[in-house]
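> 3D, please:
(2 chains)
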Amino acid sequence: MALLEVEDMVLSFSGLEVIRKLGFSVETGTIASLIGPNGAGKTSVFNCLTGFYRPDSGQITFNKRSIRRLKPHKITQAGMARTFQNLRLFKSMTVLENVMSGMHCRTSVGAMGAVFHTQSQRREEELIRLVSEECLSFVGLLDKKDRHAGNLPYGDQRRVEWARALATKPKLLLLDEPAAGLNHDEKQELIELILHIRNELGITILLIEHDMGLVMKVSEKITVIDYGKKIAEGSAEEVQNNPKVIEAYLGSEDEAL
Amino acid sequence: MNTSSNTSMVANIANWLQHQHNRLVVLLVMAALAMFFPLIANNYMLEVLTNAWFYTILCLGLNIVVGYAGLLDLGYAAFFAVGAYTTGILTSQFGVNFWLTIPAAVFCSMVAGIIIGGPTLRLRSDYLAIVTLGFGEIVRIIARNLEITGGASGLIGIDRPYFFGIELSQGIHFYYVFLILAIIACFVSYRLQNSRLGRAWQYVREDEDAAEAMGINRVGVKLYAYVIGAMFGGVAGAFFAVKMTAISPETFTFSQSVLILLGVVLGGMGKIPGVIIGAFALVLFPEVFRDLGSMRMLVFAIVMLVIMLYRPEGIWPRGKS
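This is a model prediction of the structure:
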């Protein structure tokens, strides 16, 4: 069963079509990838899915529900979490506080509860802390929870973003170039982490990536887009041998590999 | 040399205050000082300090908007005006008991917060600042032109309230009224700051898009800050009206809004002790240097410039990292 289904999605910026009648789907419990050369419109697709851009037409169905007109926070609430290509942490706050942001949409106490420290408020704060610490220990950062997020090394900052996304208790996790800026060892850890999240937490994953090696290793289904259009779809081998894909990547393929 | 040793001293004190226990001791000592101060003070000193507590409430209210949620508001005096006029009109023209007008003042300032915030909070920082500036002026000009608000001369003869049979009319009465209100304002600010809502404000202030991606309703959370900030202003305004017994539109000018904002920025946005220091600096400085005559505002301006140049994050230091 498809957890996410995109049909005929069109997005244009002042007349220029960035995404052209794109359609693809992500099955529940799989790891899927969206790849394509630079400027193919991958991040735009993510921004449409998460509500940051509003597509001109088309259908986006997530968990049997149309989410095309929803605001970003509603989409997160519906169970879709994302990470950003260039890190977007709350830099002056602690690692734990960063991760606690994910639990915001799963909790509800407001100003009154905060001022009077009601019992439900205290219980909820405890729960937020507990879940956030679990997420941190899952990505292996629990010992750094009181550090300021902005002072961590790059690789760790990435992990904070992951933990933060996990704390929203997502059904689908969108990863925007998770391997960007990581060294070889960190990439190996990343692959393990991605598999770990799917296998242990049962979270479906959709990733955008430039690093072909990584994509080929983890994804069960790959969708290739170019100029906002789908040009190929299938398993790693099928995509690799597709002449259209080779053509789209020609010239940059040796670098990408 | 002198400034560096001063700043390290401030930092040391701040570090020492990080401990819950130490903080409690200091708070109790300060509360006791504030409580017993009227025993030794003359009327002039009492009046000045009452004013300082009054500005503390206003600055703490604005701090929720500017410091916590990161929204620049140049028209905060409007909320203070709405509270003052609500109480003024209800008591002087409809004979309503003062204590019953407080909920009405809070309600009206909240509504004012929703009216200004609802349509404008989608705007980003600079644009929002301009709109709030306009709103502040609109409220003042409405007050100037309506009959019910007494026009340009304002409302006079607002009755003094009774508290268990005692008429609150002496300086010392209002000293305690505003001291208690300031303590409540501190308490509410502190609780809010360390809550789910307080963190949401911080997330939105740091990175709106990321906060939204984490499932935080950006506009809703900002509106919350606006409305709570407006409530602080409304309560302060209600008590201001009965303390002065007269209010006029000229109390709520743009420069009043700027003054309150100044207290917040000077002391340190988002930090409760900083904001209190800012409010006190605002009130005490012109009084302490009264001898300078008309030069004192100039000196005040220079001092502020220097503080902002050397401590752009305010007098109170940031928490340890």
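
> quick one, helices of the chain?
No chain was given, so I picked chain A. Using DSSP state H, the helices of chain A run over residues A:42-49, A:72-78, A:95-100, A:111-116, A:119-138, A:154-166, A:184-201, A:212-218, A:236-240, A:243-249, A:253-256.

> actually chain B
Counting by DSSP H, the helices of chain B are B:2-16, B:20-40, B:43-63, B:77-94, B:98-120, B:125-145, B:171-193, B:196-206, B:208-213, B:218-244, B:254-267, B:272-288, B:296-310.

> what's the neighbour count on the closest residue to chain A within the stretch 151-300 of chain B?
Chain A sits closest to residue B:215 of the stretch 151-300 of chain B, with a gap of 2.8 Å, by C-beta to the nearest C-beta. No exception for glycine: its C-beta is placed from N, CA and C like everyone else's. Using other C-beta atoms under 10 Å in any protein chain shown, residue B:215 has 27 neighbouring residues.

> residue contacts, it?
A:73, A:76, A:77, A:102, A:104, A:105, A:106, A:168 (C-beta atoms under 8 Å, 6 or more residues apart in numbering or on different chains).

> which ones, among those residues, also lie beside chain B?
A:73, A:76, A:77, A:102, A:104, A:105, A:106, A:168 (C-beta under 8 Å from any C-beta of the partner chain).

> low-scoring stretches of the chain, by residue?
In the absence of a named chain, this looks at chain A. Low-confidence segments of chain A, defined by pLDDT under 70: A:250-257.

> not quite, go with chain B.
For chain B (pLDDT under 70), the answer is B:1-7, B:125, B:318-321.

> quick one: the spatially most central residue of it and chain A, what's the gap?
Centroid-nearest residue in chain B: residue B:58, 1.4 Å away (criterion: C-alpha atoms, centre = their mean). For residue B:58, the distance to chain A (C-beta to the nearest C-beta, to the nearest Å) stands at 19 Å.

> so that residue touches residue B:76, yeah?
Yes - under the criterion of C-beta atoms under 8 Å, residue B:58 makes contact with residue B:76 at 7.3 Å.

> any shared contact partners between the two?
B:233, B:260.

> so what's residue B:262 closest to, chain neighbours aside?
residue B:282 (6.3 Å; C-beta to C-beta, 6 or more residues apart in numbering or on different chains).

> is it true that the one you found touches residue B:263?
Yes - between residue B:282 and residue B:263 there is a contact under C-beta under 8 Å: 4.4 Å.

> what about those two, which has more around it?
Ranked by neighbour count (other C-beta under 10 Å), residue B:282 and residue B:263 place residue B:263 first, with 27 against 24.

> need the contact list for that one.
B:55, B:58, B:59, B:62, B:275, B:278, B:279, B:281, B:282.

> now, among these, which is nearest to residue B:98?
Proximity to residue B:98 was ranked across those by C-beta to C-beta; first place goes to residue B:58, at 19.5 Å.

> from residue A:54, how far off is the closest residue to chain B within chain A?
Nearest residue of chain A to chain B, counting by C-beta to the nearest C-beta: residue A:105, 2.8 Å away. Residue A:105 sits 20 Å away from residue A:54, going by C-beta to C-beta, to the nearest Å.

> picking up where we left off before, okay if I get the ones next to chain B among the contacts of residue B:215 as a markdown table plus neighbour count?
As requested, these are exported to a markdown table (neighbours: other C-beta atoms under 10 Å in any protein chain shown):
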| residue | neighbour count |
| --- | --- |
| A:73 | 23 |
| A:76 | 27 |
| A:77 | 18 |
| A:102 | 26 |
| A:104 | 25 |
| A:105 | 21 |
| A:106 | 16 |
| A:168 | 24 |
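
> so which of the residues you listed comes closest to residue B:117?
residue A:73 (17.6 Å).

> now the closest one: how far from residue B:60?
28 Å.

> residue numbers of the stretch 1-150 of chain A in contact with chain B?
Counting by C-beta under 8 Å from any C-beta, the stretch 1-150 of chain A sits next to chain B at A:50, A:52, A:71-73, A:76-77, A:81-82, A:84, A:88-93, A:97, A:100-102, A:104-107, A:109-111, A:113-117, A:121, A:124-125, A:128, A:147-148.

> selecting buried members of those residues in PyMOL, what would you type?
The PyMOL selection below is limited to those of the residues of the stretch 1-150 of chain A next to chain B classed as buried (16 or more other C-beta atoms under 10 Å in any protein chain shown):
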select buried, chain A and resi 50+52+71+72+73+76+77+81+82+84+88+89+90+92+93+97+100+101+102+104+105+106+109+111+113+114+115+121+124+125+128+147+148
